[in-house]
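>>> quick one: sequence and predicted model below, then my questions.
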Amino acid sequence: MSKKIAVYPGSFDPITYGHLDIIDRGLRIFDEVIVAVARNSVKNSLFSIEERVELISSVLAGNPRAKVDTFKGLLVDYVRAQNATVIIRGLRAISDFEYEFQIAQMNRSISQEVETLFMMTSVPYSYLSSSIVKEVGSLHGPIDGLVPPIVKRALDVKYRDIEP
């Protein structure tokens, strides 16, 4: 019997407890979840791709069924190359759905064998985004309950010399 592998793509700049919630719940359904950090030159990221991979790897170190990788190009091509058949996407609100629905339909038109699984974010994380974490962190606000301690330390370093 082959392993059921899913890919959870994103920028993860930085990874939050909301992302980790989706990963944990994905691991209840799949044998392996690949957290695929997108190499997107259009986005202006706070953390480099290497820093993001390192942070995510550190946070997931205790779970051998969660892998961390990067990809560039079409997501469906990456998914097929990993012998996965499912893309996991987290949804916080109806506004997320419209965009994600369009992307899922495009992916489906490119590759019929790749499915998209939408997972509603757990209630405590329904407002949480990497953008909000970065904004609050840049103002030296409390982010302890939003990101793992190693991510908070990395954000503190990035924003150390910035006046709120």
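Thanks, I have the structure now.

>>> the chain: strands as residue ranges?
5-10, 32-38, 66-71, 86-91, 115-120 (DSSP state E).

>>> and G137, which of these is closest to it?
Nearest to G137, of all the strands of the chain, is strand 5-10, at 18.2 Å by C-beta to C-beta. Every C-beta, even on glycine, is put in place using the N, C-alpha and C of the backbone.

>>> quick check: angle from the closest one to strand 86-91?
Using axes from the mean of the first three to the mean of the last three C-alpha atoms, to 10 degrees, the inter-axis angle of strand 5-10 relative to strand 86-91 is 40 degrees.

>>> for this structure, what helix or strand is lowest in average pLDDT?
Of all the helices and strands that make up the chain, helix 94-110 has the lowest average by mean pLDDT, DSSP states H and E, namely a mean of 89.

>>> picking that back up, in CSV: the strands of the chain, plus distance to G137.
Conversion of the strands of the chain to CSV gives the following (distance: least, C-beta to C-beta, whole Å):
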stretch, distance to G137
strand 5-10, 18
strand 32-38, 19
strand 66-71, 22
strand 86-91, 21
strand 115-120, 25
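
>>> tabulate the ones you listed (JSON lines), appending distance to D161 and mean pLDDT.
Written out in JSON lines, the entries for the strands of the chain read as follows (distance: least, C-beta to C-beta, whole Å; pLDDT from 0 to 100):
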{"stretch": "strand 5-10", "distance to D161": "28", "mean pLDDT": "97"}
{"stretch": "strand 32-38", "distance to D161": "26", "mean pLDDT": "97"}
{"stretch": "strand 66-71", "distance to D161": "28", "mean pLDDT": "98"}
{"stretch": "strand 86-91", "distance to D161": "33", "mean pLDDT": "96"}
{"stretch": "strand 115-120", "distance to D161": "38", "mean pLDDT": "96"}
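
>>> list the contacts of T16.
In this structure, T16 makes contact with Y125, L128, S129, S130, V133, L146, V147, V151, judged by C-beta atoms under 8 Å, 6 or more residues apart in numbering.

>>> if we go to 6 Å?
L128, V133, L146, V147 (C-beta atoms under 6 Å, 6 or more residues apart in numbering).

>>> distance of the first one from I94?
So the one you mean is L128. Relative to I94, L128 is positioned 16 Å away (C-beta to C-beta, to the nearest Å).

>>> the two: which is more packed in?
With neighbours defined as other C-beta atoms under 10 Å, L128 and I94 compare such that L128 has more, 20 against 7.
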